[in-house]
Every structure is written in C-alpha cells, then in structure tokens.
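**Q** Fold the following, please.
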Amino acid sequence: MADLMIPSSSGATSSGDHPIQVLSPQDIKKLDPAKILNVNIGVMGHVDSGKTSLVKTLSTLLSTASLDKSQQSRERGMTLDLGFSALVISLPASLKQEFSEKEALQITLVDCPGHASLIRTIIGGAQIIDMVLLVIDSTKGLQAQTAECLVVAEQLLANHEDASQLALICALNKVDLLPQEGRASHLTNLSKKLTKLILERTQFQSVKMVGVSACVGGEKVAAGDSSGNLATHNIDALLKVLTVNLKPPRRTRDDAPFHFAIDHCFPIRGQGTVLTGTVLSGTAKINSVIEFPTLAVQRKVKSMQMFRRPVTQIKQGDRAGICVSNFDAKLIERGVAATPGTVKLLDAAVCLIRKVKFFQLSIKTGQKFHISVGHVTVMATLTILGLTKTATSPQEGEESNDNPAASHHTNTDENLGGGLPRLSFNWDQDFVHQDTLLDSSSAVKGVPKTNVSSQPPLHWALLEFQTPVYCPLDSLIIGSRLDTDGTVPISSNNRGASNDSPSTAAACRLAFSGRLVSKFDAKHDANRIKIYTPKQKQGTICRLGDPYRRNGDTKIVRYEVFGTDLFKKETNMKQFVGMHVETAKSGDVGVITSSFGTSGKFRVNFPGGTDAREGEPLLLKFKRYAHDLQKVMHQDAVAPKSRPGIRLESPKESKKMKKSNSNKSKHQPPSATSTSPSPCAVDDSKKGTIMMNGEIASLKGDVMENGKYPTAIVSGFFSPEVNIREKVGFNVICGDEKGVITAPFGKAGKCKVSFEDGVSAPIGSKCQLLISSPK
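**A** Residues are numbered from 1 along each chain as shown. All right, here's what the predicted structure looks like:
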C-alpha cells in the first residue's frame, strides 16, 4: 500500500521537523571532490507533469545539459533529451556506515523526456539510474506515459545489481491547482487508484507518495519569472523522503574496465573537446588512455570535472566531463569511451532476458524488436534458446536436474536482483526448441505452484543485430516494439481493474529486458549452440523371449523381446544397433542388438529385464540438433544395470528336450508357476548376465574320451551384420556345461563355441550367451 504525505494547507513550504540542509555552490567548492558520494535519481513522468520544474526547484548545480537548454526543447516547450543537474547535502546517517570516508552526498537528477516518441531516450539513460522519482500531475492522475515510465522503472528494479537497493518515490505534483477544500480527499483517492491499477501489479507495491508543487501557479508562472524565487509546496518533505529512502548504491570494484556513457560532446577553444556522461564501471584518472571503439581512436585524458569542479579521478556512478585533445567533437555525439580493447563490435550476442509482464503480445522466435543498449537503439532478430536453471528450480538458485532446459550454476553472492543472477553462458548446454517466451513461471514444468515467482521466468536468448553495435558485455538491454502506438484498454489484462480506470492508454511497448552475457559469432558459434527438438518413433512388441525369474524380487521378466512397426524392411539397421528403446507402460530401457528377419523386425535386450507383454508399444526417443547437417540422433536414456535371473522353461520345451536327449530324461519339466530350477537353469554358482538365447546347430571335432564333442556351432546369438570377432571370449552356457566363443562360423551370424570339458547336449539344445563370466 502506498504511504501518502499530504502538504499542509498553508501557502508556505512545509519544511518538517528537520529540513534537509542543501549545500550552496560556495560550500561545495570547499569540499574535497573525493569526499563526495554520487547517486543518480531518474526523474520520469508523462509529458507536462512538471518534471523539469521540479528538477529546477531541487537543483543547485547545473550541467551543460540541464533544464531544457537545447534550442529545440525551448521552441517546443518540452524536454527532448536527458538533462543533468544536481544538489549536494550532508551525508545521511543511513549511508555513513558503508561510506565512512565520504562527507557529502551529491544527488544527480536525470531529467527524462515524457513524450511517447522519446521512450528510447529514457531507456538510454536507464542503466545509470540508482533510484526513480516518478512525477504525476495530481490534477490529471494516471496518464499513458505514467504507466510506461513505471514499466521502465520496474525493469531497472528487475535488472539492478540488488533489487532491494532500488526504490521508487512518487511526487504528486501541482497540488496547488486542486481546490483547497477537497485537496486531501482528492490526493488520497488518487493514491488508492494508482495503487490498485498499476502499483499492485508491479514490484513497487509499497511506495512513498508526496504531494508537492514545484511551482505554485504552474509552468506559465515559472516561464515569466526571472528572479528565481518561485513559491513551492512541500519540497522539503519530498527531499527528506528521497534522502531517507535512498539505499547505498552498489558499485563494482575499482579495477573493473572503465566504461563511460557519453551523452554530449562539444569543443572548448584552447582546451580541447569535452565529453560529458556517466561512468558505468571502473575508474579513470588524468593521463589515463581511453578508447572510442566506434572510431578505433585512443586519446589521453587531459582533465576532468564534475559539475564544473576539477577532479583527478572519477568512479562508477559519477556524472563527469572528460577533456581530451586533438579530437573532433563532430565525430561523436553519443556512445561509449572505455579502457582500450574492452568494448567489442557485436553483430550478435547471447542474452539473459525476461518478458515484461505488461506486454500484451506474444514474443516468438524470429520476431524483430527495437533493442536499446546504452544510448543506441537498433533492430535485432530474437531467437529464444530456453529457460535458465533458476526458472526451473523450485527455489531461486537451487540445483535441479529434472528439467532438460535447466542450465548453469547460480552464484547467489552475485545476482542482479529481481531474479537476474549473474550467469555465464554454458556452450555445452542443451536447449529444447522453444517458440515463445514464457510470461509466467507457472507454465514451467516441475515448478510447484507454491514457488511460482511474481516475475516472468528467465530465458537465454540470441539477439542478431541488423546494425552492429559497440557496447560492453553485461550492459542493460530493453527490447521494445516502438512501431506500435495503438490505444489498448489498460484494464484489458488487468486483474481487478475498476470501472473508474481510464478508458484507453498507450499499449505497453516494452517487450523484454535483460543483459548481454556473451558475444556471438555466427561463423564460429552457430554450431556450438545446441538447440534440439525432441523426436519419438513408436513400434510394437511382437514376440517375447524366454521367461526368467529375476534374482532379488523373483519377478517373472524377459531379457529379450522382438519388435516390429518401428522400421521399414529396407531400413539399414546398422545405424540403430546400440540405440535405446523404452516400454511405454513401465519405462523399462532396452538396447537394440540386431535386426530379426528381413521384414524390419528387430531384437531388443533388456539388461534389467522387462514385464512388457506382446502388443505393448516400444518407444524410440531421440533428439536432433538444429544446426547439425549430419542429422545425427542423440539419446539421453541410459540402460540400467544388469539384473540376472533363472530361466524358466515351458512344459512343451521340456518334453521336446526329454525325447531328443535320453541323458536329460531325469530332469522333470517345471510348471509355469514352479519355483524349482529348470533343467537348463544355471544355479547361483554359475549364473551370469543373460544377454540372449541361441541353439546348437551342429557339433564339431572328434569325440572326446568322455563321449562329448569339443566344439559346437551355435546360431541365434547374432545377426549377419554383427562382427562376431568382437564377441570372442564371451561365455556360453548349455545346460550345466560352459564354453567360450572362439570364432565366427560362416556368414549367417553363427559362431564357434569351444567347451573345455566337452558338450553333451544334442543338436537343437538351447544355449545362453552371458555378458560376464559366471561366478
């Protein structure tokens, strides 16, 4: 709920119990510039809400770009560019602990234009702002650009280095124009309406509101006054609220690369060229060498000033003028000056972004957006890569391995607040193809409803610029549709909008915001980004292998099944041998070992066994990467560990064995439900991991003294395309006799098996191939 401060009914300014003492320019000159802490407050609001008048009332120090000094601004009677002015006060107690070496606080006011066509200018100044002062005309209430400026301010919160450190103060201006009798009631109702329509849908739900008059009588009175002694209302209260709610600004370490956002450039005869702007990161000193990346030119810093006070060093957040020599001011108006070699030309970049929740349209891969980075706005094509791990974790920053779209380690000590952690892009990460930017974490699979964030989820995205840009990595970016100007009901997507809301307002044109993370080179990096689309083919189990009682849980399973309907008869099975398939019902994972016949059927081995039945689906799941010209199939499934069992024979098979082999007549055929071992079962001392079954096709060699044959030719283990030489040494069990594969036999998939003690089983007897040697 908003906290409203209503000005007193007297005509004088309400100063409060302890008015804030603003230092005069003479007092400021006595201070050591190194002892002054600078913060930047962005002054935003709808056109003609009185922003510039309020800035003029608050300021004691004016820059070369302040208070609509440009001729065009004066002719049109409106702010057309960013203006910079400042006031200096004693360092507040809330900042003394963290900045004990400082003595004073310089509040730089960034006057932003309010017209809809100048939103890109506001965005250009966004990344240098530590706090937002939203100015609202109390006689008109909520207006089109009021809402849009709130959206910009919220993106500052979402992308600021520490969301808790950024505050928004609302100045309800021109209260002197309200009728005296109902002024308090009007301001209270306006505060409630703003809270209900807009603030409750943003992160600024608890906002300080102060009723003020920057100029009693309005802008016309201010325009005709030359004395500078204009009457005001409640300005001291506003200044006190600003000071109390100002959080310590978060600055990067001093050894970070120097990046300076240039907003004006002009020559001074006899001195050189002056560049005015704001330090985005790092520090610069006199005689430091700076580079102008767009011009590929380096110059040495000749001198520096902060609001016309000479200084020897400037740091992040400082508003300053830098003088260099032998530089043509006409070559650059806006841009970046930086430590040489730290700012590269970007044709494309990988970004960390999230959707603006007020943007009513879908954001899809392949769409073009206006991308504002620094003071530059260019067109770019968006490719959505996928969600980050923080978007798919149950809680921000937790580890999660359940979602394939999850990515990257989160450093919780360094985050950009509002849910934007500092992440480095992992080029080895797989991303599921995603057409649309999600606008709610409730749409993310695996996120409990109790953990759904109020912010839209984070995404990795690729931006390909139509015009290459020079900008530092980690720069704030805002994607917009500035070509749209439609009037859309502000309550069309508003939960709980009231009937007294404005009938129409400009549609939100800001689509997403975030930061640049990594440079992207289309020639070298296109194949490095792994975007895939999940694929699936379905077949059917047409035949089951022999039943086994699995050790451990005594469950009846099959280690071998035969499938169909997955491949055509002309399909080359070699490319699919070794791939994993899953049963649709139980999710058991098996491995395709060979083809079976010539009609497209195939053989599948399940190391852990499966209880699937004939007619159940078999699923072949795989993925193909978008930029892979070879279209190789990749799988994430992993076969389980082997779980051996005891083979169970049917009565029909046992009867056949008894008739063909008198030596086996003593074995009794077990029933389908018998728990006693079968004649061909391998006891616990001899069992291995069953791979597949075969049978003796012929017996070779001279009969040994014990009446057995030394070698058997076995068929059914392998298909013709399998290289049997790679299987030499595998163990084979036939009844209670064991042998070893020694060589292939012919070209039909048969193999030669040697038995050290000979084999007594007749032709047609069943054999089992083991993966590991029996113990």
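**Q** contacts and neighbour counts: CA atoms only from here.
**A** Noted.
**Q** What strand or helix carries Gln538?
**A** Using DSSP states H and E, Gln538 maps to strand 530-544.
**Q** Just the buried residues of that strand, please?
**A** Across strand 530-544, burial judged by 16 or more other CA atoms under 10 Å covers 530-532, 538-542, 544.
**Q** can you check stretch 313-320 too?
**A** Of the residues in stretch 313-320, 313-320 count as buried by neighbour count, 16+ other CA under 10 Å.
**Q** Other residues contacting that stretch?
**A** For stretch 313-320, the surrounding residues in contact (CA atoms under 8 Å, 6 or more residues apart in numbering) are 34, 38-40, 108, 128, 251-252, 254, 276-286, 304-307.
**Q** those helices in the chain, which residues are they?
**A** Ranges of helices in the chain, per DSSP state H, are 25-29, 51-58, 71-76, 93-96, 119-126, 144-159, 183-197, 219-224, 235-245, 389-392, 522-525, 651-660.
**Q** Mind telling me which of the ones you listed the model trusts least?
**A** Comparing mean pLDDT across the helices of the chain, the weakest is helix 71-76, with a mean of 45.
**Q** Does Cys751 have any beta-bridge partners, and if so which?
**A** Beta-bridge pairing for Cys751 (DSSP bridges): Val714, Pro744.
**Q** List the contacts of it.
**A** So Cys751 contacts 713-715, 724, 741-745 (CA under 8 Å, 6+ apart).
**Q** any chance you could map the strands in the stretch 551-700 of the chain?
**A** Along the stretch 551-700 of the chain, counting by DSSP state E, counting those that start in this stretch, strands occupy 556-564, 580-583, 589-596, 601-610, 617-625, 645-647, 690-700.
**Q** quick one: which of those strands is nearest Gln298?
**A** Among the strands of the stretch 551-700 of the chain, strand 617-625 comes nearest to Gln298, with 43.4 Å by CA to CA.
**Q** So for that closest one, mean pLDDT?
**A** On average, the pLDDT along strand 617-625 is 92.
**Q** So what's the gap between it and the chain middle?
**A** Strand 617-625 has its C-alpha centroid displaced from the chain centroid by 27 Å (CA atoms, centre = their mean, to the nearest Å).
**Q** Report all helices and strands that it contacts.
**A** With contacts taken as 3 or more CA pairs under 8 Å, 6 or more residues apart in numbering; DSSP states H and E, strand 617-625 sits against strand 530-544, strand 580-583.
**Q** residues making contact with it?
**A** Outside strand 617-625, the residues that touch it by CA under 8 Å, 6+ apart are 530-541, 563, 580-585, 631-636.
**Q** That strand to strand 556-564, inter-axis angle?
**A** Relative orientation of strand 617-625 and strand 556-564, computed by axes from the mean of the first three to the mean of the last three CA atoms, to 10 degrees: 60 degrees.
**Q** give me the number of residues near Lys631?
**A** A count of nearby residues for Lys631, using other CA atoms under 10 Å, gives 11.
**Q** gap between it and Tyr532?
**A** Remark: distance between Lys631 and Tyr532 (CA to CA, to the nearest Å) = 11 Å.
**Q** Please apply the same query to Ala261.
**A** Distance of Ala261 to Tyr532, computed by CA to CA: 39 Å.
**Q** Name the nearest residue to Arg549, sequence neighbours excluded.
**A** The shortest distance from Arg549 to any residue other than its chain neighbours is 4.6 Å, reached at Ile556 (CA to CA, 6 or more residues apart in numbering).
**Q** Tell me the spacing between that neighbour and Phe562.
**A** Distance, Ile556 to Phe562, by CA to CA: 17 Å.
**Q** and the two? which has more neighbours close in?
**A** Neighbour count, other CA under 10 Å: between Ile556 and Phe562, Phe562 has more, with 21 against 18.
**Q** Quick check on the residue lying closest to Leu482 once chain neighbours are set aside: phi, psi?
**A** Nearest non-adjacent residue to Leu482, counting by CA to CA, 6+ apart: Arg509, 6.0 Å away. Backbone geometry at Arg509, expressed as degrees, to the nearest 10, gives phi -100, psi -10.
**Q** For Arg509, give me its contacts.
**A** 148, 359, 480-482, 484-485.
**Q** at 7 Å instead, please
**A** With contacts defined as CA atoms under 7 Å, 6 or more residues apart in numbering, Arg509 is in contact with 359, 480-482, 484.
**Q** Which helix or strand in the protein has the lowest average pLDDT?
**A** In the chain, the helix or strand scored least confidently by mean pLDDT, DSSP states H and E is strand 487-488, which has a mean of 40.
**Q** Once you drop chain neighbours, what's closest to the residue most central in space within the chain?
**A** With distances taken as CA atoms, centre = their mean, His459 lies nearest the centre of the chain, 3.0 Å away. Counting by CA to CA, 6+ apart, His459 lies nearest to Leu387, which is 4.4 Å off, once chain neighbours are set aside.
**Q** ok, that neighbour touching Trp460?
**A** Yes - the criterion here is CA atoms under 7 Å, and Leu387 meets it with Trp460 at 6.1 Å.
**Q** Output the below-cut-off pLDDT ranges for the stretch 651-775 of the chain.
**A** Counting by pLDDT under 70, the stretch 651-775 of the chain contains low-confidence ranges at 651-690, 771-775.
**Q** rerun that using 90 as the cut-off
**A** Applying pLDDT under 90 to the stretch 651-775 of the chain flags the ranges 651-694, 700-709, 716-730, 734-736, 746-749, 756-757, 760-766, 768-775.
**Q** ok so, going back, buried ones from the contacts of Arg509, can you make that a ChimeraX selection?
**A** Burial among the contacts of Arg509 is assessed by 16+ other CA under 10 Å; the matching ChimeraX selection reads:
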select :359,480,481,482
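**Q** Among the contacts of Arg509, show me the least confident.
**A** Among the contacts of Arg509, Thr484 carries the lowest pLDDT, at 70.
**Q** State the distance from the closest residue to that residue other than its chain neighbours to Phe359.
**A** The shortest distance from Thr484 to any non-neighbouring residue, by CA to CA, 6+ apart, is to Arg509 (6.7 Å). According to CA to CA, Arg509 stands 7 Å off from Phe359.
**Q** In contact with the closest residue to Ile262 other than its chain neighbours, which residues are there?
**A** For Ile262, ignoring the flanking residues on the chain, the nearest one in space by CA to CA, 6+ apart is Gly277 at 4.4 Å. Shown in contact with Gly277 (CA under 7 Å, 6+ apart): 260-264, 319-321.
**Q** for Gly764, same thing?
**A** The neighbourhood of Gly764, defined by CA under 7 Å, 6+ apart, consists of 695-697.
**Q** Among those residues, find me the one that's closest to Pro92.
**A** Glu695 (91.3 Å).
**Q** any idea how far Lys738 is from Val88?
**A** Relative to Lys738, Val88 is positioned 94 Å away (CA to CA).
**Q** Next one: Gln367 from Ala380, what distance?
**A** The value you get for Gln367 to Ala380, if CA to CA is used, is 8 Å.
**Q** Good, we can wrap up now.
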